[in-house]
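Novice: Make a model of this:
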Amino acid sequence: KQYNSILIQKSVLLLTMGNHRLAASTINKYLQNATFSQQMAGALIVDDMDHALALDTSAATHLKSGNVDKAISVFREHLAFVKSLPNNDVMKSGTLHRLGCLLANKNQYASALPLLNE
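Specialist: Numbering: from 1, shown residues only. Next up is the predicted model:
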């Protein structure tokens, strides 16, 4: 669990420092571990806040690399995860805003408007 939390924190630092490729590689290691763990044990391998941070960081690395469609997909996954958490209003509103803005920038106004109004 601690190893995976460190992977997430490392990827955030790398992204902040501008090393987007290494940040993406690092966060993808965690996401692969998380996917395997969920399939095998049906549980996350870090706490909910770390997993939410990992999804947010993954979306940011996709944006930095110009892959907006993948970022949108990850933000949708992030939104679904955040909605399952208690006391999620702040994270949920941030994710709704980011996802809505990305969709609006891709001229997908019908999809963006409900997210931005929620």
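Novice: For the residue nearest to residue 12 when sequence neighbours are not counted, give its distance to residue 100.
Specialist: Excluding its sequence neighbours, the residue lying closest to residue 12 (Cβ to Cβ, 6 or more residues apart in numbering) is residue 57, at 5.4 Å. To be clear about C-beta, it is placed using only N, CA and C from the backbone, and glycine gets the same treatment. Using Cβ to Cβ, to the nearest Å, one obtains 20 Å as the distance from residue 57 to residue 100.
Novice: Would you mind pulling up the elements that the helix or strand of the chain with the lowest mean pLDDT packs against?
Specialist: When the helices and strands of the chain are scored by mean pLDDT, DSSP states H and E, helix 20-41 comes last with a mean of 85. Under the contact criterion of 3 or more Cβ pairs under 8 Å, 6 or more residues apart in numbering; DSSP states H and E, helix 20-41 touches helix 2-16, helix 48-64.
Novice: so after the longest one, what's the next helix or strand?
Specialist: What that stands for is helix 48-64. Following helix 48-64 in sequence order, the next helix or strand is helix 68-83 (DSSP states H and E).
Novice: Report the angle between that next one and helix 48-64.
Specialist: Per axes from the mean of the first three to the mean of the last three Cα atoms, to 10 degrees, the angle that helix 68-83 makes with helix 48-64 is 170 degrees.
Novice: same for helix 68-83, what does it pack against?
Specialist: Here helix 68-83 touches helix 48-64, helix 89-105, going by 3+ Cβ pairs under 8 Å, 6+ apart.
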